[in-house]
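Chemist: this is the structure alone, sequence omitted:
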Ligand code: NDP
């Protein structure tokens, strides 16, 4: 076994990636598979393309249809993972949405939709995964997708529901991390800056042009630039890292 495999290899482990059908989730699922994990993917519309990409690289993956806001869907998916993989070691709790609207324009239904998917959905998935890990005595790692928007207010677009949901994810992460120390389960969050994915690529050019001077690296990040961070948090070598928020934002939040 190489030194890097010893440090970060995930052979024999099963990783769940929510929202792994496209964007960051797809790229990270591929990365976790390359590190040796078997991958289970949850999304509402399926992740056949991601499964094919992983299999093409010699990895193992399967796709489950589930809405993270629905407890029954998530419980069914967890039962299926245990049936198929016999274990759950890593969760990349990534599914999320964003609505750009000013507070005066946005409806309460839109606020609820964003909070429901981004915050309550991650809570439902983390709670179900925590139960499975505790029941199977697995000292797992849960990585919740937050955002730099959990600590700063983006401009010029308005997205109060998104910002609030991600701030909630960061503090929920700390709360679960402390609560589950006694079970050896680690919980961390990842806070990217602007990453080029379907969520952000369709953003109007004038908005992206307004972002660039605010990013000290003057570019959006690539999904590939999050893979190493997730593998680090997923691996046993981050055993003393729990309750942390790992910021990967090209220096956006430094000033
Ligand atoms: P995408 O829109 O490209 O992908 C989102 C994924 O989430 C899709 O696979 C979607 O699948 C899934 N999803 C959405 N709602 C649900 C649901 N209710 N149940 C299950 N799956 C769901 O987004 P990104 O890859 O850009 O973003 C991924 C995460 O990263 C999000 O949490 C986002 O907030 C966060 N993030 C993104 C940044 C960026 O700049 N792109 C920056 C910082 C954080 P389906 O619709 O089929 O269910």
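Modeler: Structure's in. What do you need? Remember, it's a predicted structure, so these values are computed and weren't measured experimentally.
Chemist: just confirm residue 16 is within a helix.
Modeler: No: checked against DSSP: H, G, I helix; E, B strand; the rest coil, residue 16 lies outside a helix; its state is strand.
Chemist: pretty sure it contacts residue 95?
Modeler: No: counting by CB atoms under 8 Å, residue 16 does not reach residue 95; the two are 10.9 Å apart. In this view, the C-beta of every residue, glycine as well, is placed from N, C-alpha and C.
Chemist: of these two, give the one with the bigger neighbour count.
Modeler: residue 16 (30 against 25; other CB atoms under 10 Å).
Chemist: all strands of the chain, in order?
Modeler: 14-18, 38-43, 61-65, 90-93, 141-145, 186-192, 245-248 (DSSP state E).
Chemist: redo those strands as JSON lines? Include mean pLDDT and distance to the ligand.
Modeler: Formatted as JSON lines, the strands of the chain follow (pLDDT from 0 to 100; distance: least, CB to the nearest ligand atom, whole Å):
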{"stretch": "strand 14-18", "mean pLDDT": "99", "distance to the ligand": "6"}
{"stretch": "strand 38-43", "mean pLDDT": "98", "distance to the ligand": "4"}
{"stretch": "strand 61-65", "mean pLDDT": "98", "distance to the ligand": "9"}
{"stretch": "strand 90-93", "mean pLDDT": "98", "distance to the ligand": "9"}
{"stretch": "strand 141-145", "mean pLDDT": "99", "distance to the ligand": "4"}
{"stretch": "strand 186-192", "mean pLDDT": "98", "distance to the ligand": "4"}
{"stretch": "strand 245-248", "mean pLDDT": "98", "distance to the ligand": "9"}
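Chemist: now the ones you listed as JSON lines including distance to residue 108?
Modeler: Below are these laid out as JSON lines (distance: least, CB to CB, whole Å):
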{"stretch": "strand 14-18", "distance to residue 108": "25"}
{"stretch": "strand 38-43", "distance to residue 108": "26"}
{"stretch": "strand 61-65", "distance to residue 108": "28"}
{"stretch": "strand 90-93", "distance to residue 108": "25"}
{"stretch": "strand 141-145", "distance to residue 108": "24"}
{"stretch": "strand 186-192", "distance to residue 108": "26"}
{"stretch": "strand 245-248", "distance to residue 108": "28"}
